[in-house]
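Novice: Structure, please.
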Amino acid sequence: MARKSRRNTENIAVKTAKNTTVGKVYHAALYARISSEDERKRECESMENQVKMLRDYVSSCDDIAEYELYMDRAVTGTKFDRPEFNRMMADMRTGKFDCVIVKDLSRLGRNYLETGNYLESIFPIFGIRFISITDHYDSLTAKASEDGLIVPLKNLINEAYAKDISKKVKTSLDAMKRQGKYVASFTPYGYKRDPVDNHHLVIDEAVSENVIRIFEERAAGKSIDRIAAGLNDDGIPSPGRYAYESGIRKKANFKESLWGSNTVRRILKNRCYIGDTVQGKTEKALYKGIGITNVAEDDYIIVEGTHEAIVSRKLFEEVQGIFKKTGKKRQSEMKSWEPVEKVENLYGDLFVCGECGRKMLLKNGKVKGKRIPYYICAASGSFGKRCSYKSISKRKMDAFMDNFLKQQMEVYLDCRDKIAELNGSVPAVRCRERMMSEIAEMERKAEKITNRSRKLYGDFADGMISEEDYLFAKKTYQDELETIRGRIDEKHAAAEHFDKNYGGDSEMAEAYGRNSDFGVLSAKVVCDLVDKISFYGKNRFEIKMRYEDELMDFIGETEKRCRDEK
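Specialist: Residues are numbered from 1 along each chain as shown. As a prediction, this is how the structure comes out:
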């Protein structure tokens, strides 16, 4: 390599892409947030303004480069469970960036305690540099004596501001409700917003006939389950599916939703269909320190005659009379039933119908006055002829899964015990020792390369080698070191197979290990080991285990080791 004289070394500096003196370059996550209240007021807190300010700030800093932009729209700052904020935190935990920049502290959050926790505990633990632009706060240069008081005070002010806004918004909404103005986010099925007045409902002619049908069929004596099944059989989209197809609802689960008894019952009991507005069924008030809570029926805000009715009051009252009559009958029947303890669904969304893919629902049947819990396909039974009828009792299902998982566990433990026995043999111990010796030799070689790389920078800083030669040699050392580290990892993985505690894939070994002695089947065991259970009726199952491929590999490895030992 060509060498330079050591003279005038005080004028030599390593240059970065921005032609600045070499130092740590922070990779920054830019976080922007705007609440729905900010959007309504059209304040200067617009998302575009925030993003521009963040990127302008990064452009002005030589030691910061943008990693990614995270934006939460129409999300309150009083809670930290936000989609983009959660994604940013997940990226932070995997080390994808080491700096977070916000316009001001209120964008991070308006909750005093939680915001303080992020600034004082979480960010420092992960080595995150935090910058709040308009607050002139940078954790890298902040003085504890000053910012230890100023930052918490600003967080406290932000929380107080949020509570003040919450009180004003709630007062305003309550006043609108008492005037009969419709303020809910979504309109009831059968209605849509008046294009002239956003707080007034008008009939949605496309589906209003379905509402009339539901009321008339109930008045004629048809059960709620049969009404729902009939709507499904006739191919009429459910309220959820209709909202999805209309672009009102965005979540994919609405696309396949069906009419059910609960949906029909809600429509039949809703006074909206006789022209009355009923609001205030729940309450949420930050300034009172409460989240969403149910309100007593006597405290509902009811205003009559606010919009055009779909059904007559006479028909509506007739249906309510049927509810009262059937309710009294059901209460009388339930008195003769034996009490039953609440049963736990051990499978949740993992247990599905093999034919239509819908969730198997846990319900209570009645046999000779006793309640018998059983699973039934969500698309059969009361949902109409959407799927062939299939059900299984909970007792039978639990017994089957208990036996199946214990068989799987037995297979795994037999393999693990056999591997432990083989790894205790003299040849296996010597093989592992040889591998560990090779790893130690490679570690020493890697350390030598690291030391050479460090010395290389000293030579460059002293002017002994050119910048071009320095960068070339540095890359050569880095490539060599990366190759050695890869070989070390491969050798460690190979040596692990000869460890007495080896149990196959690490995640699989941990999952099977913590459940190895389960006595009674539980939701935890199922969640740890099972990925999906498909039921086809008549005791026909298809079960996909979480570590199916890993277990097969472990079984194959065990069989091969046994053959090699012979």
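
Novice: And Leu521, how close does it get to Phe404?
Specialist: 10 Å (C-beta to C-beta, to the nearest Å). All C-beta atoms are positioned from the backbone trio N, CA, C, and that covers glycine.

Novice: Please apply the same query to Ser261.
Specialist: When Ser261 is compared with Phe404 (using C-beta to C-beta), they lie 33 Å apart.

Novice: Thr558 too?
Specialist: Taking C-beta to C-beta as the measure, Thr558 falls 21 Å from Phe404.

Novice: just Ala243 next, same as before
Specialist: Applying C-beta to C-beta, the value for Ala243 to Phe404 is 40 Å.

Novice: Where does pLDDT dip in the stretch 351-500 of the chain?
Specialist: Across the stretch 351-500 of the chain, the ranges flagged by pLDDT under 70 are 366-370, 381-386.

Novice: Hmm, Val102 and Leu108 touching each other?
Specialist: Yes. With contact defined as C-beta atoms under 8 Å, Leu108 counts as touching Val102 (5.1 Å).

Novice: ok, then the element right after the helix or strand bottoming out on mean pLDDT in the chain?
Specialist: In the chain, no helix or strand scores lower on mean pLDDT, DSSP states H and E than helix 36-41, which sits at a mean of 48. With elements assigned by DSSP states H and E, the helix or strand that comes after helix 36-41 is helix 47-59.

Novice: Go through that next one and flag the buried ones.
Specialist: For helix 47-59, the neighbour count (16 or more other C-beta atoms under 10 Å) marks Met47, Gln50, Met53, Leu54, Tyr57, Val58 as buried.

Novice: who touches the third one in this structure?
Specialist: The one in question is Met53. Listed by C-beta atoms under 8 Å, 6 or more residues apart in numbering, the contact partners of Met53 are Lys103, Ile133.

Novice: heads up, I number from 662, so please use that
Specialist: New numbering, starting at 662: the last item is Met714.

Novice: Can you tell me, leaving aside adjacent residues, what's nearest to Gly1015?
Specialist: Ser1195 (3.7 Å; C-beta to C-beta, 6 or more residues apart in numbering).

Novice: Please identify the helix or strand for that neighbour.
Specialist: Ser1195 belongs to strand 1191-1196 when assigned by DSSP H and E.

Novice: do the same with Val980
Specialist: Using DSSP H and E, Val980 sits in helix 974-995.

Novice: can you give me the mean pLDDT across that helix?
Specialist: Regarding helix 974-995, the rounded mean pLDDT is 79.

Novice: so what's Cys1014 up against?
Specialist: Neighbouring residues of Cys1014 by C-beta under 8 Å, 6+ apart: Lys1020, Met1021, Cys1038, Ala1039, Ala1040, Ser1041, Cys1048, Lys1051, Ser1195, Phe1196.

Novice: now, among those, which is nearest to Met1213?
Specialist: Within these, the smallest distance to Met1213 is 19.3 Å, found for Ser1195 (C-beta to C-beta).

Novice: Glu1203 is in contact with that closest one, correct?
Specialist: Yes. The pair Ser1195 / Glu1203 is scored as a contact, 4.2 Å apart, by C-beta under 8 Å.

Novice: Between Leu769 and Val763, which contacts overlap?
Specialist: Taking C-beta under 8 Å, 6+ apart as the contact rule, Leu769 and Val763 both touch Tyr692, Ser793.

Novice: now stretch 1068-1077, how far from the centre of its chain.
Specialist: Relative to the chain's own centre, stretch 1068-1077 is displaced by 33 Å; criterion: C-alpha atoms, centre = their mean, to the nearest Å.

Novice: just stretch 788-797 next, same as before
Specialist: 27 Å.

Novice: Which positions in that stretch come out as buried?
Specialist: Quick answer for stretch 788-797 (16+ other C-beta under 10 Å): Ile789, Arg790, Phe791, Ile792, Ser793, Ile794, Asp796.

Novice: ok, now stretch 850-863?
Specialist: Buried residues in stretch 850-863, counted by 16+ other C-beta under 10 Å: Tyr850, Gly851, Tyr852, Lys853, His860, His861, Leu862.

Novice: Nearest to Ile873, out of the residues you listed: which one, please.
Specialist: Closest approach between those and Ile873, by C-beta to C-beta: Gly851, at 8.8 Å.

Novice: Find the nearest non-adjacent residue to that closest one, please.
Specialist: For Gly851, ignoring the flanking residues on the chain, the nearest one in space by C-beta to C-beta, 6+ apart is Val872 at 4.2 Å.

Novice: OK, contacts around that neighbour?
Specialist: Tyr850, Gly851, Ile928, Tyr934, Ile971, Val972 are the contacts of Val872 under C-beta under 8 Å, 6+ apart.

Novice: okay, these in JSON lines with distance to Arg1113 next?
Specialist: JSON lines is the format used below for these (distance: C-beta to C-beta, whole Å):
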{"residue": "Tyr850", "distance to Arg1113": "73"}
{"residue": "Gly851", "distance to Arg1113": "77"}
{"residue": "Ile928", "distance to Arg1113": "77"}
{"residue": "Tyr934", "distance to Arg1113": "81"}
{"residue": "Ile971", "distance to Arg1113": "83"}
{"residue": "Val972", "distance to Arg1113": "86"}
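
Novice: Tell me how many other residues crowd Leu730.
Specialist: Neighbour count of Leu730, defined by other C-beta atoms under 10 Å: 16.

Novice: Which of the helices or strands spans it?
Specialist: Using DSSP H and E, Leu730 maps to strand 725-734.

Novice: Alpha carbons only: can I get that strand in PDB?
Specialist: Extracted in PDB, the C-alpha atoms of strand 725-734 (Å, rounded to 0.1, in the frame of the first residue of the first chain):
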ATOM      1  CA  ILE A 725     -28.700  12.100  11.400                       C
ATOM      2  CA  ALA A 726     -30.100  10.100   8.500                       C
ATOM      3  CA  GLU A 727     -33.800   9.100   8.100                       C
ATOM      4  CA  TYR A 728     -34.500   5.500   8.600                       C
ATOM      5  CA  GLU A 729     -38.300   5.500   8.200                       C
ATOM      6  CA  LEU A 730     -41.400   7.600   8.600                       C
ATOM      7  CA  TYR A 731     -44.200   6.500  10.900                       C
ATOM      8  CA  MET A 732     -47.600   8.300  10.800                       C
ATOM      9  CA  ASP A 733     -50.700   7.800  13.000                       C
ATOM     10  CA  ARG A 734     -53.700   9.600  11.600                       C
END
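
Novice: Could you spell out the sheet neighbours of that strand, each with its direction?
Specialist: According to DSSP bridges, strand 725-734 has the following sheet partners: strand 687-695 (parallel).

Novice: quick one: buried residues of the strand it pairs with?
Specialist: Of the residues in strand 687-695, Tyr687, Ala689, Ala690, Leu691, Tyr692, Ala693, Arg694, Ile695 count as buried by neighbour count, 16+ other C-beta under 10 Å.

Novice: Surely the first one is in contact with Ala726?
Specialist: Yes. Counting by C-beta under 8 Å, Tyr687 touches Ala726, with 7.2 Å between them.

Novice: if we can go back for a sec, residues in contact with the strand holding Ser1195?
Specialist: Outside of strand 1191-1196, the residues within contact range by C-beta under 8 Å, 6+ apart are 1008, 1011-1015, 1021, 1036, 1038, 1051, 1053, 1062, 1066, 1202-1207, 1209.

Novice: Turn the buried ones among these into a named PyMOL selection, would you?
Specialist: The following PyMOL line selects those of the contacts of strand 1191-1196 that are buried, judged by 16+ other C-beta under 10 Å:
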select buried, resi 1008+1011+1012+1013+1014+1015+1021+1036+1038+1051+1053+1062+1066+1202+1204+1206+1207
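
Novice: circling back: in strands only, show me the buried residues of stretch 788-797.
Specialist: Arg790, Phe791, Ile792, Ser793 (DSSP state E).

Novice: Quick one: name whatever helix or strand follows the helix holding Val980.
Specialist: Following helix 974-995 in sequence order, the next helix or strand is strand 1012-1014 (DSSP H and E).

Novice: Just give me how far that next one sits from the chain centre.
Specialist: Offset of strand 1012-1014 from its chain centre (C-alpha atoms, centre = their mean): 22 Å.

Novice: which parts of the helix or strand that it is followed by are buried?
Specialist: Later in the chain than strand 1012-1014, the nearest helix or strand by DSSP H and E is strand 1021-1028. Neighbour-count burial for strand 1021-1028, counted by 16+ other C-beta under 10 Å, picks out Met1021, Leu1022, Leu1023.
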